[in-house]
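K.L.:
next input, structure requested:
(chains A and B)
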Amino acid sequence: MQKTDKSLTDEARRAEEEQALAALVSQYAPTLYRVAYSVLRNAADAEDAVQEAFLRVLRHRETLGEVRDQRVWLIRIVWNVVLDRKRRMKTRPETDDVVELARVLPAEGLSADERVAAAQHHAHVLACVEQLPAKERQVMMLSAFEELSSVEIAAVIGITESSVRSRLFRARNLMAGLLDHVRSLR
Amino acid sequence: MNTGIRDQGSGVKAAEETLRLIARLHAPDGLEERLQESLQVAALAAPGGLRWPAWLRPSGGWMRSAPLRAAAATAIVAVVVGGGWIVSLRLPAAQTGMAVTASPRGASAGGFSSAGAMRTPQTLDRPLVTAPAEAAPAKLAAHPKGKNGAKGLRDLGTKGLRD
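P.N.:
Okay, the predicted model is just below:
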């Protein structure tokens, strides 16, 4: 009898955990996808990364109750997944980015030529971002997410808020130099 | 100069705008459904299969109890020591006092043989008289102003130290 009670409690707890996980998916999947896409720049890869992140959460679902800020916690998980994948991937050629960006970026009111030109511009900017040192690049990419404050970016990367600010400052300076250099070459 | 700074600033702003555009992209349709499905499949595939019982998990709190931790450490030590003891019991005792015998060396084929000759030590019929040891210093003392006289002795005395 005791055992039945215990198994019933276990089942109830598991059902509760699965419900909580389902709620997390419906609430944060789009955010996690955008974070993953900003690094991987490929829809299928980004979706795989989000799935892997949620599978990690599933494996540690019993700790869900202990998490204070689930959004930042999830972004941190997907961020680590994405960086792992990125390390294993080859460098993306700029042409791949042009094709992908022309496909996904909003192009309302733009002609086909304008759309291609915009995609080329964005791809070129992303190529410059890729040349930044890893620490500065990561902060710059995360700072583009309006829903993330500098405190949250610090929590995702695992550094202090002042480090986030100084890295962002360095990233902007380096980026200006890179863009300037490319402009002078053209 | 100001124009340059403004250009730089606008370039960085444009770059940040690109990143912001990407950060604002919509997730593909049906993403949530696909994720929910894959998570359901994963949850069914491993419905807590190899999980520890709740009271044994570190989050269960047993690791925070000092006596339980001490008991666990004692158990580990007992297992290690007991295992070593059992292994030592099962090993055969080392054989002591084993004689080493050398096989008689026969003449190798094609080599030289002693032809049965035996080596006998030279016998002495009278005691040997050796020359007295002080003969050499006496010779040196006999020629104190010689080429290697006192200086030579001094050198001999310090050479060993220097070397």
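K.L.:
count of neighbours near residue B:74?
P.N.:
Close neighbours of residue B:74, defined as other C-beta atoms under 10 Å in any protein chain shown, add up to 10. All C-beta atoms are positioned from the backbone trio N, CA, C, and that covers glycine.
K.L.:
for stretch B:66-77, which positions count as buried?
P.N.:
Residues of stretch B:66-77 classed as buried: none (neighbour count, 16 or more other C-beta atoms under 10 Å in any protein chain shown).
K.L.:
now stretch A:140-156
P.N.:
Judged by neighbour count (16+ other C-beta under 10 Å), stretch A:140-156 contains these buried residues: A:140-145, A:148, A:150, A:152-156.
K.L.:
look up how far residue B:132 lies from residue B:124.
P.N.:
Distance, residue B:124 to residue B:132, using C-beta to C-beta, to the nearest Å: 21 Å.
K.L.:
now do residue B:71
P.N.:
Residue B:71 is 84 Å from residue B:132, where distance means C-beta to C-beta.
K.L.:
skip the chain neighbours and tell me the closest residue to residue A:76.
P.N.:
residue A:156 (4.8 Å; C-beta to C-beta, 6 or more residues apart in numbering or on different chains).
K.L.:
might one say that the one you found is in contact with residue A:77?
P.N.:
No - using C-beta atoms under 8 Å, residue A:156 is not in contact with residue A:77, being 9.5 Å away.
K.L.:
picking that back up, which other residues reach the helix or strand hosting the residue nearest to residue A:76?
P.N.:
Element membership for residue A:156 (DSSP states H and E) is helix A:150-157. If you take C-beta atoms under 8 Å, 6 or more residues apart in numbering or on different chains as the criterion, helix A:150-157 is touched by A:69, A:72, A:75-76, A:79, A:138-139, A:142-143, A:148, A:160-161, A:163-165, A:168.
K.L.:
please flag which of those residues sit within helices.
P.N.:
Among those, the ones falling in helices (DSSP state H) are A:72, A:75-76, A:79, A:138-139, A:142-143, A:161, A:163-165, A:168.
K.L.:
thinking again about what came up before, for the residue nearest to residue A:76, give its distance to residue B:88.
P.N.:
From residue A:156 to residue B:88 the distance is 54 Å (C-beta to C-beta).
K.L.:
could you do residue A:130 as well?
P.N.:
62 Å.
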